[in-house]
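In: Quick one: sequence plus predicted model below, questions after.
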Amino acid sequence: SQTIHQWPATLVQPVGSPLSLECTVEGTSNPNLYWYRQAAGRGLQLLFYSVGIGQISSEVPQNLSASRPQDRQFILSSKKLLLSDSGFYLCAWSREPGNTIYFGEGSWLTVV
Amino acid sequence: GNSVTQMEGPVTLSEEAFLTINCTYTATGYPSLFWYVQYPGEGLQLLLKATKADDKGSNKGFEATYRKETTSFHLEKGSVQVSDSAVYFCALVSGNTPLVFGKGTRLSVIA
């Protein structure tokens, strides 16, 4: 069966520091991968999605970036965090575009 | 573009009450519709889905029927429990576009 893991689960970072959130999917190949952010009271916002290695689509211009160095690995990064980057970040995967999306456990980021 | 509108929360119900959470959508083509649930401090879990008009998705006592004529996918449960307290998200996908979510509805069930 397929599983998705992301880490770290919780982190507190100062303003201006870098960020790296990692996500891996097991049990499938060539998944579509997604990063969503859930800010308090604002629902789910799609940040990035990827249909293959090195292919990244950005939905919202901001100081975050994503990379897909391997087929089942998806990384969310920032060079300098802002207070407004605080939120709950969710990695997700699907077999193909338009299919059901399955989510990881989420990562709580607090920028102080 | 594609969009989902769901009722504002929070919704507070007593145990064993009937639940309805409204969801309407706008989409090009023939979307698939989903309900996801997020329990406190956790990620999202797929609750149910429907892929074509008049389909009924069901799981854990929850149901939703894909109504093309009213572009709706309302979530219902006949008798809620305290353990159903969570945030519920309606979502759609159409063609090759990523999933689009509503803003979520927080449900609190009190004993």
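Out: Okay, I see it.
In: What segments of chain B are strands?
Out: Ranges of strands within chain B are B:3-6, B:11-14, B:19-21, B:23-26, B:32-38, B:44-50, B:56-59, B:62-65, B:75-77, B:86-93, B:100-101, B:105-110, based on DSSP state E.
In: Select, out of those, the one closest to residue A:62.
Out: strand B:100-101 (18.3 Å; Cβ to Cβ). All C-beta spots, glycine's among them, are computed from the backbone N, C-alpha and C.
In: The closest one close to chain A?
Out: Yes - applying Cβ under 8 Å from any Cβ of the partner chain, one finds strand B:100-101 in contact with chain A at B:100, B:101.
In: For that strand, name the packing helices and strands.
Out: For strand B:100-101, the packing partners by 3 or more Cβ pairs under 8 Å, 6 or more residues apart in numbering or on different chains; DSSP states H and E come out as strand B:3-6, strand B:86-93.
In: winner for burial among these?
Out: Scoring the helices and strands packed on strand B:100-101 by mean neighbour count under mean count of other Cβ atoms under 10 Å in any protein chain shown gives strand B:86-93 as the most buried, with a mean of 24.
In: just to revisit the earlier point, let's have the strands of chain B in a markdown table, adding mean pLDDT.
Out: Shown next, in a markdown table, are the strands of chain B (pLDDT from 0 to 100):
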| stretch | mean pLDDT |
| --- | --- |
| strand B:3-6 | 93 |
| strand B:11-14 | 97 |
| strand B:19-21 | 97 |
| strand B:23-26 | 96 |
| strand B:32-38 | 95 |
| strand B:44-50 | 95 |
| strand B:56-59 | 97 |
| strand B:62-65 | 98 |
| strand B:75-77 | 98 |
| strand B:86-93 | 94 |
| strand B:100-101 | 90 |
| strand B:105-110 | 96 |
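In: Give the buried residues for stretch B:73-80.
Out: B:73, B:74, B:75, B:77, B:80 (16 or more other Cβ atoms under 10 Å in any protein chain shown).
In: per-residue pLDDT, the last one?
Out: The reference is to residue B:80. As predicted, residue B:80 sits at a pLDDT of 97.
In: contacting residues for it?
Out: Residue B:80 is in contact with B:13, B:15, B:16, B:17, B:18, B:19, B:107, B:109, counting by Cβ atoms under 8 Å, 6 or more residues apart in numbering or on different chains.
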